[in-house]
Structure formats: C-alpha cells, structure tokens
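A.B. asks: A predicted structure for the sequence below; I have some questions about it.
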Amino acid sequence: MPLGTLDRTPPAFFKQGPSAISKLLFFSALSVLLMVADVRFHVTQPLRATLSVALYPIQWLAMRPQAFAKYSGEYLESLQDAQADAKDVRQKLLLQAQRAAQVEQLTLENKQLRSLLSLHERLNTVGVVAEVLYDAADPYTRKLIINKGMTNGVKTSAPVMDEHGILGQVTRVLPLVSEVTLVTDREHSIPVLNTRTGARGVAYGESGGAPLLELRFMATNADIEVGDQLTTSGVDGVYPPGVPVGIVTKVERRAETAFARILCEPVGRVQGAKHVMVIDPLTDQLPARPVIEKPQPLGAIKGGRR
C-alpha cells in the first residue's frame, strides 16, 4: 500500500475534546474561585477601577439624553409652577390694592359723614343725608341729582351743604330724587355776610362759566378785601345764618364804574361732592307772620258809630 494513501488524521474519538458539561463545570469553578479571591484579596479591584475610569466618558455621553429629558421636564414644570405662583401673587396684590382703595374711600366717606353730622348738630336743624348720583345733563347750568326725594321729606328751596359749607339749593323734587342748583349757577343767588366787617351783600353764580361766586352791587369804596370770609346772613328766610359760603379771592375797583367786581371761591365742594346734607328751609322754623288787617273805609266806621 503506498504511503500516500494512508489516512494520517486521528480518529474521531481524539477530536471531541472536553464535553460541554465539563466546560460548564470548569468555568463555574473558575468563576467561584475568582469571586472568592476578589472578596478575600481584592484581586480585580484595580482592574475595575481602570475600566470605570476608561468607560466613564462613554457612560456620561450615553446618559446625556436621559438627563436632558429629565432636566427639561423639571425646568418646564418649575417654570409653570413659578408662572402660576406669580399669577396668584398678582391677583392677591390686585385684590389687596382694591380692598385698600375701598377702605380708604370708606374712611373718607365716614369722615365726611361725621363732619356733616357735627355741622347738623351745630345748626340745630332738621335734615337728611343724601348721596350725589350724577351731574345734571344741561352743560349750561350747574346742578346735581341726589338720591333723596319727596318720600324722604325733601322740600323745594331746601338748603344743601357739605361738611365745608353751603353747596346750593333744592330746585326740583321728585318722588325718589331731587335736583340741586349749586351756588355757582348763574341763576342762583344767596344773601351773604362779611364776617370781618358785618356788611351784607348778595352773591351770584359767576356768569363766566368758572365755578366761582360774584358779589355784586358793592360800591367801589366798600370795605372788602381778599381773604374775607362770607357766610349766610339768614335774612332770606331760607338759609340758616352763619354757614360758610365762600372766600373773597379777587377785588377789582375801577374808576369808570360805581361798583367793584368781587369774585369769591365757594368753600363747599361744588365739584366732586359725594355726600351732602339737605336741611329744611328756615321758613319752616320761623314763627308765622302776623296777619295784617286791612283798614276799613272811613264811611263804614262812621256808619258803625251811628
């Protein structure tokens, strides 16, 4: 038999090597040995440290998308919470500002009402407190509408005042509201008294349109100065005496005229009044006028004597 024809490969028995179970047992024993050695002698600690340092950049890059998503969600959530808190704070501040304004307004109204009541007690007259609803629609007059009328006992020609002084006079009364003509209306007049000199006069609404009073028919040599205080004289039987009306602000004396031009500023709040006091006219408190009998004809007297 030629040598080339001989099969030099080993038999199949020698090609098998270790079996799978043998490999499993071997590697299991090796793993247990390594774990025991690592626990007891920390054999793999340097290797793990080196691998962790080498793999940290890759791990950090791999975790960035998750961290970005997490931080983005937390940022958006915190932003929404901050916006909601800011909105709540703004609403609370607005509510507090409104309440503060209401408290201030109520305090001012309370002060005005107390002043009105004290003035009413000093005058010792019958009156009712009213609230100003709005100004009259006529732009050429100076009138107010108040929320008291016939049902509240308001009468025509009743004086109207605030805590500072005279405002005007009731000129029309309806069941629930009344119309008040201010002292600055050009059709209104009021008898006044100069508290410094005791001189009497009549103050009219200034015809130029300004919220002023004009003291007319005063001689150029009359003793009147800027700063003189004018009060009601009470001679008209409507206004109680001694109530402040105005203060002299301008005195013009001209040689070509017999009367001086005197302007006064009303002390009452003719613009912006909120609460007023309506008092009964002075005529309701005065005694009745005596009845004067007409003289009889002379012939009738003689006939009676017969």
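C.D. replies: Here it is on my side, so go on.

A.B. asks: Kindly tell me how buried R269 is, as a neighbour count.
C.D. replies: As a burial measure, R269 scores 16 neighbours (other C-beta atoms under 10 Å). Backbone N, C-alpha and C define where each C-beta goes, glycine included.

A.B. asks: where's it relative to V226, distance?
C.D. replies: 22 Å (C-beta to C-beta, to the nearest Å).

A.B. asks: One more: A69?
C.D. replies: Using C-beta to C-beta, one gets 82 Å for the distance from A69 to V226.

A.B. asks: what sits against V132?
C.D. replies: With contacts defined as C-beta atoms under 8 Å, 6 or more residues apart in numbering, the neighbours of V132 are 144-146, 273-276.

A.B. asks: any idea which element the most centrally placed residue in the chain lies in?
C.D. replies: Nearest to the mean C-alpha position of the chain, counting by C-alpha atoms, centre = their mean, stands A101 at 4.1 Å. Here A101 sits within helix 45-123, counting by DSSP states H and E.

A.B. asks: Tell me which stretches of the stretch 151-300 of the chain form strands.
C.D. replies: The residue ranges that make up the strands of the stretch 151-300 of the chain, judged by DSSP state E, counting those that start in this stretch, are 159-161, 166-173, 178-182, 189-194, 200-205, 213-219, 229-232, 244-252, 259-266, 275-279.

A.B. asks: wait, which of the ones you listed is closest to R40?
C.D. replies: strand 275-279 (97.7 Å; C-beta to C-beta).

A.B. asks: thinking again about what came up before, quick one: distance of the very next helix or strand once past the helix holding A101 to the chain centre.
C.D. replies: Beyond helix 45-123 on the C-terminal side, the first helix or strand identified by DSSP H and E is strand 127-135. Put simply, strand 127-135 sits 20 Å off its chain's centre (C-alpha atoms, centre = their mean, to the nearest Å).

A.B. asks: related to what we said a few turns ago, and the helix holding A101, what other elements does it pack with?
C.D. replies: Using 3 or more C-beta pairs under 8 Å, 6 or more residues apart in numbering; DSSP states H and E as the contact definition, the elements that helix 45-123 packs against are strand 127-135, strand 275-279.

A.B. asks: Make JSON lines from the ones you listed and add mean pLDDT and distance to I21 to it.
C.D. replies: As requested, the helices and strands packed on helix 45-123 are arranged in JSON lines below (pLDDT from 0 to 100; distance: least, C-beta to C-beta, whole Å):
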{"stretch": "strand 127-135", "mean pLDDT": "88", "distance to I21": "107"}
{"stretch": "strand 275-279", "mean pLDDT": "88", "distance to I21": "109"}
